[in-house]
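> next comes the sequence, and after it the predicted model I'd like to discuss.
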Amino acid sequence: MLKAFRITAILEGISYLMLFGFSMPLKHWAKIPEPNIYVGYAHGFLFIAFVVLAVVLTMERKWGLRRFMILFIASLLPFGTFYADKKYLKPLTTS
């Protein structure tokens, strides 16, 4: 389950960066809205999956509210899921 969560976290971070760095500029500056629709759907799905998996893992591993809040806030920040993966999730897979 942790491996699936880590993969979801990385994909969610990539989709977030693609949304802001690629599809939003295309939508607003080049007046091409189509990529924003698909990237937005993908990001929305990955964001929801990230939060659901974070809740499940928090309850399963008894992480506590603090770790959940760190993971949730990381999902709202650009590059946040990459930081959370490196600092909080990757060390759990090596131990």
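Happy to help now that I have it. Numbers count the residues shown, from 1 in each chain.
> below-threshold pLDDT in this protein: ranges please.
Regions of the chain meeting the criterion pLDDT under 70 cover residues 94-95.
> which strand or helix spans the residue minimising distance to the centre of it?
Residue closest to the average C-alpha location in the chain (C-alpha atoms, centre = their mean): residue 12, at 3.3 Å. For residue 12, the element it lies in under DSSP states H and E is helix 2-18.
> what comes up buried for that helix?
5-6, 8-9, 11-13, 15-16, 18 (16 or more other C-beta atoms under 10 Å). All C-beta atoms are positioned from the backbone trio N, CA, C, and that covers glycine.
> columns distance to residue 36 on top of the residues you listed, output as TSV?
Shown next, in TSV, are the buried residues of helix 2-18 (distance: C-beta to C-beta, whole Å):
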residue	distance to residue 36
5	27
6	27
8	22
9	22
11	18
12	17
13	18
15	12
16	13
18	10
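> just the angle between the longest helix anywhere in the chain and helix 2-18, please?
As assigned by DSSP state H, the longest helix anywhere in the chain is helix 34-61. Angle, helix 34-61 to helix 2-18, by axes from the mean of the first three to the mean of the last three C-alpha atoms, to 10 degrees: 150 degrees.
> using PDB, list the CA coordinates for the very next helix or strand once past helix 34-61.
Moving toward the C-terminus from helix 34-61, the next helix or strand (DSSP H and E) is helix 65-76. The C-alpha trace of helix 65-76 is given here as PDB (Å, rounded to 0.1, in the frame of the first residue of the first chain):
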ATOM      1  CA  LEU A  65      -3.100  13.800  12.600                       C
ATOM      2  CA  ARG A  66       0.200  15.700  12.300                       C
ATOM      3  CA  ARG A  67       1.700  13.400   9.600                       C
ATOM      4  CA  PHE A  68      -1.600  13.400   7.700                       C
ATOM      5  CA  MET A  69      -1.800  17.200   7.800                       C
ATOM      6  CA  ILE A  70       1.800  17.400   6.500                       C
ATOM      7  CA  LEU A  71       1.000  15.100   3.600                       C
ATOM      8  CA  PHE A  72      -2.200  17.000   2.900                       C
ATOM      9  CA  ILE A  73      -0.500  20.400   2.900                       C
ATOM     10  CA  ALA A  74       2.200  18.900   0.700                       C
ATOM     11  CA  SER A  75      -0.400  18.000  -1.900                       C
ATOM     12  CA  LEU A  76      -1.500  21.600  -2.100                       C
END
